[in-house]
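*Asks:* just the structure for this:
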Amino acid sequence: SPERAAEFLHRIDALGVSIAVDDFGTGYSSLSLLKRFPISELKIDKSFVGDIAGDNDDAAIVRGTIALAHGLGMKVVAEGVETEPQLGFLARHGCNVAQGYLFAQPLPAREIRGWLAMPPRVRVPEGADQAFQAQQLRATWIIAGLSVLLAALVAVLLARGLLAPMRRLTDAARRMADGD
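*Replies:* Below you'll find the predicted structure:
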């Protein structure tokens, strides 16, 4: 039920864990969730980011989402950033963090350690303020580090039989909500 979900998310939030809405603007994301749940971050779906430089509708949706999120005290992450013009648009309109192939391609597990050992390649568009630069650098390191740690943790838990594979994310969420 939505009430149980809200209670569960508020308990997670009380532990200091930030909650993000992924792929905002697609699927089941709803504006009512933004009021009801303790959400700290919106991730704008890549389907809106892909053509923000050439499609006025996508540009308006992204600008509106950024304004909405900031008005509610949330940070904004843009997914699927692949070009400098996309990054420039997002920085000019106050997006907090950008992620996508512009920064790094997916890597095989054996190459991640070497990638982490290199200084991060942070792209900051001309004219971006220092806050955007610092946030982008921090996000680059955090996303890379957390991805590696999460993959390692899941592998260890699966190997030791402490984590049963889930067929669907909804199964995992249901089990968590039920206290399993």
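*Asks:* from here on, contacts and neighbour counts on C-alpha atoms
*Replies:* OK.
*Asks:* look up how far Ala117 lies from Glu41.
*Replies:* Using C-alpha to C-alpha, to the nearest Å, we find Glu41 at a distance of 28 Å from Ala117.
*Asks:* so those two - more neighbours on which side?
*Replies:* Per other C-alpha atoms under 10 Å, whichever of Glu41 and Ala117 has more neighbours is Glu41, with 22 against 8.
*Asks:* residues near Phe48, how many?
*Replies:* The tally of other residues near Phe48 (other C-alpha under 10 Å) stands at 22.
*Asks:* might you report the residue contacts of it?
*Replies:* 58-59, 61-62 (C-alpha atoms under 8 Å, 6 or more residues apart in numbering).
*Asks:* let's have these in a markdown table, adding neighbour count.
*Replies:* As requested, these are exported to a markdown table (neighbours: other C-alpha atoms under 10 Å):
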| residue | neighbour count |
| --- | --- |
| Asp58 | 17 |
| Ala59 | 21 |
| Ile61 | 16 |
| Val62 | 23 |
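*Asks:* name the SS class of the residue nearest to Glu82 when sequence neighbours are not counted, please.
*Replies:* Counting by C-alpha to C-alpha, 6 or more residues apart in numbering, Glu82 lies nearest to Leu102, which is 4.4 Å off, once chain neighbours are set aside. Three-state call for Leu102 (DSSP: H, G, I helix; E, B strand; the rest coil): coil.
*Asks:* where does Leu102 fall, phi/psi-wise?
*Replies:* Main-chain torsions, Leu102, degrees, to the nearest 10: phi -60, psi -30.
*Asks:* gap between it and Gly50?
*Replies:* Distance from Leu102 to Gly50, counting by C-alpha to C-alpha: 12 Å.
*Asks:* what is in contact with these two at once?
*Replies:* Counting by C-alpha under 8 Å, 6+ apart, the residues touching both Leu102 and Gly50 are 81-82.
*Asks:* got any ranges where the chain has weak pLDDT?
*Replies:* For the chain, applying pLDDT under 70 flags the ranges 28-29, 116, 118-180.
*Asks:* quick revisit: as CSV, the contacts of Phe48 with secondary structure would be great.
*Replies:* Output for the contacts of Phe48, formatted as CSV (three-state DSSP):
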residue, secondary structure
Asp58, helix
Ala59, helix
Ile61, helix
Val62, helix
